[in-house]
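Visitor: model this:
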Amino acid sequence: MKFIRHCYRVLLFLLVCTCIFTSIPSLFAAEEHTIVNLFNNAWITRQGSTNQSSGNVGDVLRHGDRLETLRGNTARISLDSSRQNLIFIAENTIIEINDSDLRMGLTLIKGRIFASLKKLKDKSTFKVMTPMAVATVRGTQFEVSLSDDDVQFLDYSGSVEVARVGPDGEVSKDNVLLKPGERVKVEKLGTSLKNEEINSADMNRLEATARELEEAFQEPPAQPEKNAEDKKDEPKKGFVVKSSFDSQ
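Guide: Here you go, the predicted model:
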């Protein structure tokens, strides 16, 4: 009887260990970010490579990958399979995916992005790094616009913590907490950070971007099933990747 109880304890211990170790990779693995919408084209440079390839709907972006849009091109990516965390990438923009453990994020190298983050992992944060400042959020909608002389953060909803980044790359204690409807400009020359109110024109633009981003990620409505008579003369087709902008 003691032997049976001992075997039972050993089996229970092994089962618990198996559950723990099999769950660790999923807890700490970086998310894979999928391009789900393109207007014209975007270019991808994979980590460790200098070669660019044309981006396509369905391509997966991982840590260290770069995505570039040229003039007249935009892209939208989902940070998770549930499509709760979305990024709009404006024209003339370069981003680099920067994920590790419990932190998702990206580096904005050039241009403008709008992030709509609604459901991050427990205890995780999302960071947008730029040469002059970094934004840290849990769940919010905000825009980041980078130029040669400054970077601007506009908070549409939620809260955004913005801190200056020094020439050595270190995050300084000079920071502000943005509330909805506020913006901050971080200049290269290093003036003090100050919250300002977003003007009505920019708020309207942010609202339109947030709405368009939501609509772009909505699943297309199910098509009614065709009857046998309709299918008889229908030409055979292959699968075609199509963005929601192809009809425009």
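Visitor: host element of the nearest residue to Ile89 once chain neighbours are set aside?
Guide: For Ile89, ignoring the flanking residues on the chain, the nearest one in space by C-beta to C-beta, 6 or more residues apart in numbering is Ala75 at 4.5 Å. Any C-beta I mention is one placed from the backbone N, CA and C, and that applies to glycine too. Per DSSP states H and E, Ala75 falls inside strand 74-78.
Visitor: can you name the residues in contact with that strand?
Guide: Contacts with strand 74-78, where a contact means C-beta atoms under 8 Å, 6 or more residues apart in numbering, come from 33-40, 42, 55, 61, 67, 69, 85-91, 213, 216-217.
Visitor: of these, which belong to helices?
Guide: Assigned to helices by DSSP state H, the following of the contacts of strand 74-78 qualify: Leu213, Ala216.
Visitor: buried among the contacts of strand 74-78? Make that a PyMOL selection.
Guide: Applying 16 or more other C-beta atoms under 10 Å to the contacts of strand 74-78, the buried members can be selected in PyMOL as follows:
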select buried, resi 33+34+35+36+37+38+39+42+55+61+67+69+85+86+87+88+89+90+91+213+216+217
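Visitor: ok, back up a step: show me what the residue nearest to Ile89 is bridged to.
Guide: Leu38, Ile89 (DSSP bridges).
Visitor: what's near enough to touch the closest residue to Asp150 other than its chain neighbours?
Guide: Excluding the flanking residues, the one nearest Asp150 by C-beta to C-beta, 6+ apart is Glu187, at 4.5 Å. Each residue near Glu187 by C-beta under 8 Å, 6+ apart is listed here: Met132, Asp149, Asp150.
Visitor: among these, who's most crowded?
Guide: Met132 (20 neighbours; other C-beta atoms under 10 Å).
Visitor: ok, it touching Asp150?
Guide: Yes - counting by C-beta atoms under 8 Å, Met132 does reach Asp150; the two are 6.9 Å apart.
Visitor: so where's the protein uncertain?
Guide: 1-32, 100-103, 121-123, 218-248 (pLDDT under 70).
Visitor: switch the cut-off to 90
Guide: Scanning the chain for pLDDT under 90 picks out 1-41, 57-58, 62, 78-86, 98-105, 117-126, 138-140, 166-174, 188-192, 212-248.
Visitor: domain-wise, how is it divided?
Guide: 1-28, 31-216 (automatic domain parsing).
Visitor: which strand is the longest one in the protein?
Guide: For the chain, the strand with the greatest residue count under DSSP state E is strand 103-117.
Visitor: where do the helices sit along this protein?
Guide: 2-28, 200-216, 228-232.
Visitor: wait, what's in contact with Val184?
Guide: Gln152, Phe153, Val162, Val176, Leu178, Leu193, Lys194, Asn195, Glu196.
Visitor: state the number of residues packed around the fourth one.
Guide: To tie it back to what came earlier, the one meant is Val176. Neighbours around Val176, by other C-beta under 10 Å: 19.
Visitor: going forward, count from 825.
Guide: Done: numbering now begins at 825, and the last item shifts to Val1000.
Visitor: partner residues bridging it?
Guide: Beta-bridge partners of Val1000, as defined by DSSP bridges: Val986.
Visitor: for it, give me its contacts.
Guide: Glu985, Val986, Val1008, Leu1017, Lys1018, Asn1019 are the contacts of Val1000 under C-beta under 8 Å, 6+ apart.
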